[in-house]
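# any chance you can model this:
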Amino acid sequence: MEYLETPVLSNEFVRLEPLRHGHSSELSEAVSVGELWKTWYTRVPSPEAMGDEIQRRLDLHQDGSMVPFAVIEPTTGRAVGMTTYMAISQENRRLEIGSTWLSRSVQVTSINPAMKLLMLQRAFEELDCLRVEFRTHWFNQQSRAAIAKLGAKQDGVLRQHEVLPNGTVRDTVVFSIVAVEWPAVKVNLNSRLGLSA
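Now for the predicted structure:
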């Protein structure tokens, strides 16, 4: 059950707390900045669909396949995005960090590397993961660059992998960080954030 626990994870740059329906209005506001849900190669909920998406993630948590978090900007205390542990395989000591979106108002800030630091630290140091995966659409260049900047290595491309709601077929780029790489990745993230290792 430890993999399915939803602790509060925090540092000076970001707080991750268990996702709940009470986050819905702030998340609807956050996703409205730049109409983020209209980006064709992502799966970001619209403001109107936010309640359903929160429920979907909570149901997956109940089923044991996802651990959903709300991303909180600490200076305002407001929810500015969502992220999860997903594709959880406790017996194989691996999981994926994904189904992540951040409001355009906080993109290209310290929030993304800071929350990845928290999630990776929990995965490798508390859950004893051997491998953490990241997956993204071939055309999502911003996401691919951000994942690589974390220190994740590209494992490959799953071609014709998934049919999206708009009818296009996604080629999925798979990245991973393995346990032996975590110490260097941690130093890199701390350095980016101006923190001591």
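
# and the helices in the chain?
Along the chain, the stretches classed as helices by DSSP state H are 24-32, 50-63, 111-121, 141-150, 182-192.

# pull the CA atoms of the second one into CSV?
Yep, that's helix 50-63 we're talking about. Only the C-alpha atoms of helix 50-63 are listed here, as CSV (Å, rounded to 0.1, in the frame of the first residue of the first chain):
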residue,chain,number,x,y,z
MET,A,50,-12.4,19.5,-14.4
GLY,A,51,-14.7,17.9,-11.9
ASP,A,52,-15.0,14.7,-14.0
GLU,A,53,-11.2,14.6,-14.4
ILE,A,54,-10.7,14.9,-10.7
GLN,A,55,-13.2,12.1,-10.1
ARG,A,56,-11.5,9.9,-12.8
ARG,A,57,-8.1,10.3,-11.1
LEU,A,58,-9.6,9.6,-7.7
ASP,A,59,-11.3,6.4,-9.0
LEU,A,60,-7.9,5.3,-10.5
HIS,A,61,-6.4,5.9,-7.1
GLN,A,62,-9.1,3.8,-5.5
ASP,A,63,-8.4,1.0,-8.1
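
# ok, and what's touching it?
4, 6, 19-21, 23-24, 27-28, 31, 45, 66-68, 82, 84, 86, 99 (C-beta atoms under 8 Å, 6 or more residues apart in numbering). For the C-beta atoms, the positions are set from N, CA and C on the backbone; glycine is no exception.

# could you pick out the buried ones from these?
Buried members of these, scored by 16 or more other C-beta atoms under 10 Å, are 6, 19, 23-24, 27-28, 31, 45, 66-68, 82, 84, 86, 99.

# can you tell me which of the residues you listed lies closest to Ala145?
Ser99 (18.8 Å; C-beta to C-beta).

# from memory the closest one sits against Thr84, does it?
Yes: counting by C-beta atoms under 8 Å, Thr84 is a contact partner of Ser99 at 4.6 Å.

# what's the overlap in contacts for these two?
What both Ser99 and Thr84 touch, as defined by C-beta under 8 Å, 6+ apart, is the set Arg57, Met66, Pro68.

# any idea which of the helices of the chain is most buried?
When neighbours are counted by mean count of other C-beta atoms under 10 Å, the highest per-stretch mean among the helices of the chain falls to helix 111-121, a mean of 22.

# nearest residue to Ile111 in space, please, no chain neighbours.
Distances taken as C-beta to C-beta, 6 or more residues apart in numbering place Val14 nearest to Ile111, at 4.9 Å, with adjacent residues excluded.

# residue ranges with poor pLDDT in the protein?
1, 197 (pLDDT under 70).
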